[in-house]
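Student: Pasted the sequence and its predicted model underneath.
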Amino acid sequence: MLVVGFLIVFTLNAVFSWWIITVKMNQVKRDRTYMQDIRSEMQEFMAALEENVAGYVALMEKMRKDADNVMDSVNRKLRLLEKESQKLEQSRQTYNDLSRRKSLVTSVVDIQKSGATPKRETEHESSYDQKISIGMKNLSEHLRESTQSMQQGSSKAVVDKHPPKAGKGSAERVASLWREGKEAKEIAEKLNLSLGEVELALELMGSRRS
């Protein structure tokens, strides 16, 4: 009986031990499979993340290059606009200089003509004389307006019954002051003209002193 009982206990113990070992082995196998699945998923996730990061980096690089190209284009256009603005400013200054000297040159040409001009026989010459007369008139008015303040200061003590006559052309006044021995700078300050205009008038008249 003892032997039979021992065998029964031994058999039960062996079966129980085998069951425990089998359960543990299955659990370890499941855990290993689970870990492998997790590792595979992590690898896939990291691969996808690296691909996305590479895509974002490439996109950012492309956006940076596009921004640089846009800035370069804007800078080029700004430089072109600046050059055009400088050209326009130079053209405006040249136009203003020519406009200011036009009447002066016209009056100098009129001075160089010997007194009153004879009557012209052609319409072209008559039109030329008319333009010169208009230029002289406009120049005289401009000179009278520019020197009006100085004339008012010197004429307050004497009251004239008649209105003042229009002043001579600036070219005539330049010639008169030059014959009196005035220098170009003094003439420019007195007539409120630029030094270049006075020098131009003197050059056209030959800088002759009487």
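Tutor: Here it is on my side, so go on. Residues are numbered from 1 along each chain as shown.

Student: From the contact counts, what lies against whichever helix or strand Asp31 is part of?
Tutor: Following DSSP states H and E, one finds Asp31 within helix 2-112. Applying 3 or more CB pairs under 8 Å, 6 or more residues apart in numbering; DSSP states H and E, we find helix 2-112 packed against helix 123-146, helix 170-179, helix 195-205. Quick note: C-beta positions are derived from backbone N, CA and C, even for glycine.

Student: Return the member of those helices having the minimum mean pLDDT.
Tutor: When those are compared on mean pLDDT, helix 123-146 scores lowest, with a mean of 53.

Student: pLDDT below threshold where in the protein?
Tutor: 1, 102-169, 205-210 (pLDDT under 70).

Student: separation between Tyr56 and Glu84?
Tutor: 42 Å (CB to CB, to the nearest Å).

Student: tell me the contacts of Glu186?
Tutor: Leu177 (CB atoms under 8 Å, 6 or more residues apart in numbering).

Student: distance of it from Ile21?
Tutor: 127 Å.

Student: neighbours around Leu193, how many?
Tutor: 22 (other CB atoms under 10 Å).

Student: Let me fix that, I meant to ask about Gly196.
Tutor: 13.

Student: What of Trp178?
Tutor: 21.

Student: Pretty sure it sits against Ile187.
Tutor: Yes - between Trp178 and Ile187 a contact is recorded at 6.6 Å, counting by CB atoms under 8 Å.

Student: That concludes my questions; thank you for your assistance.
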